[in-house]
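Colleague: below: sequence and its predicted model.
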Amino acid sequence: GTYSNRGVSVGNNTQNMSLWKRLGYCASAGLKLARQAVNSVVGFIGKCARYVKNAISKAGLGKYEYGNACDMVSIMRRNKNFKEINPNGVDLKKLPAGCVLVYGKGVAGYSKKYGHTEITTGNGKAVSDGVTQNLHRKPTAIFMPVAA
């Protein structure tokens with residue numbers, strides 16, 4: 001079923017699901033994380049990393065670590081509940097729910113000081129403190145929730 005808050009819904013995108021599962025994607029963890037993230041959306045207030053890390057913590061997928069969006073690559077690499085996948089050639093709109101996208105400083109037009117991070121909803125959008133309606137900017141890194 002779909003879950004929504006503030007007009008944002010979590011989708012169970014089954015496109016390429018066999019591929020994601022072969023890569024180790026855990027649908028239950030991904031959906032739980034995406035729901036948690038959607039539940040906390042307030043609108044963009046410059047706190048994307050805090051919202052993403054809070055969602056990960058509240059979903060039981062890792063402890064809250066301090067750092068800005070540009071620190072998320074190293075934070076996520078330490079989190080055994082996620083696996084890094086190469087962003088080259090990935091259609092972001094087809095990513096399953098619960099993938100964490102990280103954009104480095106100044107990447108894809110995001111903050112030159114902090115970068116940006118967000119969580120995919122499984123239906124072509126992503127959320128942090130706000131909602132990205134159209135996923136088309138290539139991230140520095142993608143982290144997919146994996147079965148523990």
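Modeller: Nice, I can see it.

Colleague: got the contact list for the closest residue to Ala126 other than its chain neighbours?
Modeller: In space, and not counting its chain neighbours, Ala126 is closest to Glu118: 3.9 Å by C-beta to C-beta, 6 or more residues apart in numbering. Quick note: C-beta positions are derived from backbone N, CA and C, even for glycine. When contacts are counted by C-beta atoms under 8 Å, 6 or more residues apart in numbering, Glu118 touches Cys48, Val52, Val100, Leu101, Ala126, Val127, Ser128, Thr132.

Colleague: in the sheet, who's paired with Glu118?
Modeller: Per DSSP bridges, the residues bridged to Glu118 are Leu101.

Colleague: how near is it to Gly98?
Modeller: 11 Å (C-beta to C-beta, to the nearest Å).

Colleague: next one: Ile119
Modeller: Ile119 is 6 Å from Gly98, by C-beta to C-beta.

Colleague: overlap in contacts of these two?
Modeller: Counting by C-beta under 8 Å, 6+ apart, the contacts common to Ile119 and Gly98 are Leu33, Ala34.

Colleague: residues near the closest residue to Cys99 other than its chain neighbours, how many?
Modeller: Excluding the flanking residues, the one nearest Cys99 by C-beta to C-beta, 6+ apart is Thr120, at 4.3 Å. Counted by other C-beta atoms under 10 Å, the residues lying close to Thr120 total 30.

Colleague: pretty sure Thr120 is touching Ala126, no?
Modeller: Yes. The pair Thr120 / Ala126 is scored as a contact, 5.0 Å apart, by C-beta atoms under 8 Å.

Colleague: pull up the overlap in contacts between those two.
Modeller: Shared contacts of Thr120 and Ala126 (C-beta under 8 Å, 6+ apart): Leu92, Leu101, Leu135.

Colleague: can you give me the pLDDT of the first one?
Modeller: The model reports Leu92 with a pLDDT of 91.

Colleague: mind listing what Ala147 touches?
Modeller: When contacts are counted by C-beta under 8 Å, 6+ apart, Ala147 touches Gly24, Cys26, Ala29.

Colleague: tell me who's in contact with Ser57.
Modeller: Ser57 touches Lys63, Tyr64, counting by C-beta under 8 Å, 6+ apart.
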